[in-house]
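J.: Sequence plus predicted model, see below.
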Amino acid sequence: MNLTDTHRGAAMEKLSLVLWRERELLEELHYRLEVEQLVLASGRSRWLAHATRDIDTLLATVRETEMLRAVAADEAAAASGMSSNPSLASLAESAGEPWTTIFTEHREAFVTLTNEITTLADSNRHLISAGYRSARETLMSLGESVDGYAADGSATAEPLRASLVDRSL
């Protein structure tokens, strides 16, 4: 084994460690989104701001780790004689074993996690929008009646009118 092979192996190992960290963070993000969904579904808004803050903090860490991954991927590409900004699939193809298997497994895990996170985040956005509309309509009904929706989806209202009820019937 020569110095080039040692450098290449170290670059691949560094990339693999960053990929593991990123996978852990995405798993944590999936969990945090599940917690947010449970809070939303329960109708208890007390912890919603906390759950959202946890997600925002975690997303900042994910972005930082993505930067580390980009640097590590460029180093691994350079050590393999590839151009910068390689895809994980192309690195897996050129890396040789055991790195081909390791990087392919990372890529498959990222695809699965990304799909699950996207679906969950979309569901949470829907729940938040529905909750917001419900709260708004409830508040409007205290002083106004909701009589429909405008083209942009906002509730339209007109002031409540005094009504007479014949209670003798």
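T.: The structure has been received and is ready for your questions.
J.: From here on, just use CA atoms for contacts and neighbour counts.
T.: Fine.
J.: what's the helix or strand for the closest residue to Ile55 other than its chain neighbours?
T.: Once flanking residues are discounted, Ile55 sits nearest to Arg32: 6.2 Å by CA to CA, 6 or more residues apart in numbering. Using DSSP states H and E, Arg32 sits in helix 3-42.
J.: and the next element down the chain from that helix?
T.: helix 48-79.
J.: what's the burial count for the residue nearest to Ile55?
T.: 18 (other CA atoms under 10 Å).
J.: surely it meets Asp54?
T.: Yes: Arg32 lies in contact with Asp54 (CA atoms under 8 Å); the separation is 7.2 Å.
J.: buried set for the helix holding Arg32?
T.: Residues 8-9, 11-12, 14-16, 18-19, 21-23, 25-27, 29-30, 32-37, 39-40 are the ones in helix 3-42 that count as buried (16 or more other CA atoms under 10 Å).
J.: distance between it and the chain's centre?
T.: Helix 3-42 has its C-alpha centroid displaced from the chain centroid by 13 Å (CA atoms, centre = their mean, to the nearest Å).
J.: got it, and stretch 81-96?
T.: 26 Å.
J.: For the most centrally placed residue in the chain, which non-adjacent residue is closest in space?
T.: Ranked by distance to the mean C-alpha position of the chain (CA atoms, centre = their mean), the top residue is Ile117 at 5.2 Å. Excluding the flanking residues, the one nearest Ile117 by CA to CA, 6+ apart is His30, at 5.7 Å.
J.: With Ala121 instead?
T.: Nearest residue to Ala121 in three dimensions, chain neighbours excluded: Leu33, at 6.7 Å (CA to CA, 6+ apart).
J.: pretty sure the one you found contacts Ile55?
T.: Yes: in this structure, Leu33 is within contact of Ile55 by CA under 8 Å, at 7.2 Å.
J.: now the helix holding Arg32 and helix 48-79, what's the angle there?
T.: 160 degrees (axes from the mean of the first three to the mean of the last three CA atoms, to 10 degrees).
J.: where does this structure dip in pLDDT?
T.: 1-3, 130-169 (pLDDT under 70).
J.: ok, now with 80
T.: 1-5, 43-45, 128-169 (pLDDT under 80).
J.: which other residues reach stretch 95-114?
T.: The contact list for stretch 95-114, computed with CA atoms under 8 Å, 6 or more residues apart in numbering, reads 12, 16, 19-20, 23, 26-27, 30, 80, 88-89, 91-94.
J.: Looking at the residues you listed, which two lie furthest apart in space?
T.: His30 and Ser80 (33.2 Å; CA to CA).
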